[in-house]
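Engineer: just the structure for this:
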Amino acid sequence: MNAHTDLIDRYFDAWNEADGARRRELIAATWSADADYRDPLLAGAGHDGIDAMIRAVHERFAHHTFRRTGEVDGFANRLRFSWELVTPANEVIVKGSDFGVVDPQGRLQAVTGFLDQVPGGL
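Structural biologist: Here you go, the predicted structure:
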């Protein structure tokens, strides 16, 4: 594993963490203080904004899990990776690809997400 893969696996640990205190610890370890996340449906800035965004996803998609699909591709401070959102019955309902910028301390400074597959009505 490389540093980018470790970082993105921790990113998904934060997305999947239901316990608020533990999720905030993961966010602090994974994201810079001035971090920014954007996709067509969500946005969050700083640790508080990212936590609120993830909490909202947990409320809408209770017991669903995000997982990385494929390898993390990266060079210098840039990376990209793909993912899917899976129901408790292990059905994939959303797929996406994200692009990130890593700060000098090895934490995410920015992530831009793109939705590759979404169900109707989302």
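Engineer: give the buried residues for the helix or strand hosting residue 82.
Structural biologist: Taking DSSP states H and E as the criterion, the element that holds residue 82 is strand 78-86. Within strand 78-86, the residues scored as buried using 16 or more other Cβ atoms under 10 Å are 79, 80, 81, 82, 83, 84, 85, 86. (Glycine included, C-beta is placed from N, CA and C.)
Engineer: do stretch 105-122 as well
Structural biologist: 107, 108, 109, 110, 111, 113.
Engineer: any chance of JSON lines for those residues, columns pLDDT and distance to residue 29?
Structural biologist: Converted to JSON lines, the buried residues of stretch 105-122 look like this (pLDDT from 0 to 100; distance: Cβ to Cβ, whole Å):
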{"residue": "107", "pLDDT": "97", "distance to residue 29": "8"}
{"residue": "108", "pLDDT": "98", "distance to residue 29": "10"}
{"residue": "109", "pLDDT": "98", "distance to residue 29": "14"}
{"residue": "110", "pLDDT": "98", "distance to residue 29": "17"}
{"residue": "111", "pLDDT": "98", "distance to residue 29": "15"}
{"residue": "113", "pLDDT": "97", "distance to residue 29": "20"}
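Engineer: inside strands: which ones of the residues you listed?
Structural biologist: Assignment to strands by DSSP state E places the following of the buried residues of stretch 105-122 there: 108, 109, 110, 111, 113.
Engineer: could you dump the residues you listed into CSV and include distance to residue 73?
Structural biologist: Conversion of these to CSV gives the following (distance: Cβ to Cβ, whole Å):
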residue, distance to residue 73
108, 15
109, 18
110, 17
111, 14
113, 15
